[in-house]
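*Asks:* this one's sequence-less:
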C-alpha cells in the first residue's frame, strides 16, 4: 500500500487568500481540495452513491450485459454520471500540499467497445475532480471499437455540457 507522509522539514508559512501554504524546497504549496464539492458529495444519496452496491432485482440480472461489457451495463446506465465516490486515500494523503503553480495537462482516455455511460462517468469525474486550470484538454481515443450504435461525438455533444 502506498502511503503519503508529509515531509518532516515542512514549515507552515501562514494563511493567504484562504489557502494554507507550506515551504519545503522554496516552492509555494497549496491545498487544492475543493471542500465545497467534497461536502456536497458527502450529502448525496442514491443507488451506487459513495461506491455502494446497486441493488438488483431478479429481472435486472442479465448475463449478456456482463459478457458484452465486462460489467453490468444496466447498472451503469442507472447510476448517476456525477456519482459520489468514497475517499480511500491514506489519512496523511488527505492533507498533502501540492505545488501552487502546476502545468496543465492533456488527459488521454483510450477505449475499445466501452459502455457509453461508464466512459461519460470517467469524463465527468475528471472534470468535476480536477481544477479547471490543470486540464488543457481531454482526448478520447477510440481504439477501433466495432459497436457502431452511436457516434461518439454525437453522444458526447448530447451528454456533456460545454465547459
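*Replies:* Great, that's in hand. All values reported here derive from a predicted model rather than from experimental measurement.
*Asks:* let me know the pLDDT of the residue nearest the centre of the chain.
*Replies:* In the chain, the C-alpha nearest the mean C-alpha coordinate belongs to residue 125, at 3.1 Å (CA atoms, centre = their mean). pLDDT recorded at residue 125 is 94.
*Asks:* look up how far residue 26 lies from it.
*Replies:* Separation of residue 125 from residue 26 (CB to CB, to the nearest Å) stands at 34 Å. No exception for glycine: its C-beta is placed from N, CA and C like everyone else's.
*Asks:* now the strands for this protein?
*Replies:* With DSSP state E as the criterion, the chain has strands at 11-16, 19-23, 29-30, 98-99, 105-111, 135-142.
*Asks:* could you tell me the least trusted of the ones you listed?
*Replies:* strand 11-16 (a mean of 48).
*Asks:* hmm, back to that, residues contacting the residue nearest to the centre of the chain?
*Replies:* 82, 85 (CB atoms under 8 Å, 6 or more residues apart in numbering).
*Asks:* go on, the one 3 residues further on?
*Replies:* When the contact criterion is CB under 8 Å, 6+ apart, the partners of residue 128 are 37, 82.
*Asks:* residue 98 versus residue 123, what's the distance?
*Replies:* Counting by CB to CB, the gap from residue 123 to residue 98 is 23 Å.
*Asks:* more neighbours, those two?
*Replies:* residue 123 (17 against 10; other CB atoms under 10 Å).
*Asks:* surely the more buried one and residue 139 touch.
*Replies:* No - applying CB atoms under 8 Å, one finds residue 123 not in contact with residue 139, separated by 10.9 Å.
*Asks:* what residues do the two have in common as contacts?
*Replies:* Joint contacts of residue 123 and residue 139 (CB under 8 Å, 6+ apart) are residue 109.
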